[in-house]
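Novice: Provided below are the primary sequence and the corresponding predicted coordinates.
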Amino acid sequence: MINTNRIVPVIRTDLLTLLGTMMKLAGTSVSAVEASAPGRFTVTGSGDAGNKIANEPVKSLNIASGVTAAVIYFIADDDYEGFSINGVAEETAGADVDPDGVTLYSATLSSGDITIAKVGF
């Protein structure tokens with residue numbers, strides 16, 4: 001039920017699942033990418049291209065050399081280290097990442113460069 005302040009508490013899902021659902025409702029197709037170890041992600045091959053959302057806060061994310069374009073939505077872990085391409089740390093362009101554990105960002109890979117943008121307000 002909606003209370004008098006029109007506040008509906010979110011109690012049966014996590015923030016990343018909620019954000020992914022909202023993105024799909026808004027017309028942005030996303031699929032989850034899973035961590036290989038806590039907070040550590042690798043995006044490999046053409047099957048991982050396209051819009052992705054990291055299924056937990058990101059410490060580090062490596063993009064394999066076979067991926068030429070992708071958009072990865074993520075929330076930065078408190079111990080955020082950043083992105084790499086084929087194991088080499090990358091200097092990203094765009095927004096600075098505040099590892100607050102709640103802000104949603106996008107990382108866009110294009111022409112071998114990664115650009116970070118803060119999503120929302």
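Specialist: Yep, that arrived. Residues are numbered from 1 along each chain as shown.
Novice: what packs against the helix or strand bottoming out on mean pLDDT in the chain?
Specialist: In the chain, no helix or strand scores lower on mean pLDDT, DSSP states H and E than helix 15-25, which sits at a mean of 80. Helix 15-25 is packed against strand 50-54, strand 69-75, with contacts defined by 3 or more CB pairs under 8 Å, 6 or more residues apart in numbering; DSSP states H and E. For every residue, glycine as well, the C-beta is placed using N, CA and C.
Novice: ok and the first one relative to strand 69-75, angle-wise?
Specialist: Angle, strand 50-54 to strand 69-75, by axes from the mean of the first three to the mean of the last three CA atoms, to 10 degrees: 20 degrees.
Novice: Give me the distance from strand 50-54 to the chain's centre.
Specialist: 6 Å (CA atoms, centre = their mean, to the nearest Å).
Novice: Contacts for it, please.
Specialist: Residues from elsewhere that reach strand 50-54, judged by CB atoms under 8 Å, 6 or more residues apart in numbering: 16, 19-20, 23, 28-33, 35, 41, 43, 61, 70-75.
Novice: Tabulate the helices and strands packed on helix 15-25 in TSV, adding columns for distance to residue 102 and mean pLDDT.
Specialist: Shown next, in TSV, are the helices and strands packed on helix 15-25 (distance: least, CB to CB, whole Å; pLDDT from 0 to 100):
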stretch	distance to residue 102	mean pLDDT
strand 50-54	14	86
strand 69-75	6	92
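Novice: Looking at the ones you listed, which is nearest to residue 5?
Specialist: Between residue 5 and the helices and strands packed on helix 15-25, the tightest spacing by CB to CB is seen for strand 69-75, at 26.5 Å.
Novice: Buried by neighbour count: which residues of the closest one qualify?
Specialist: For strand 69-75, a neighbour-count test (16 or more other CB atoms under 10 Å) marks 70-75 as buried.
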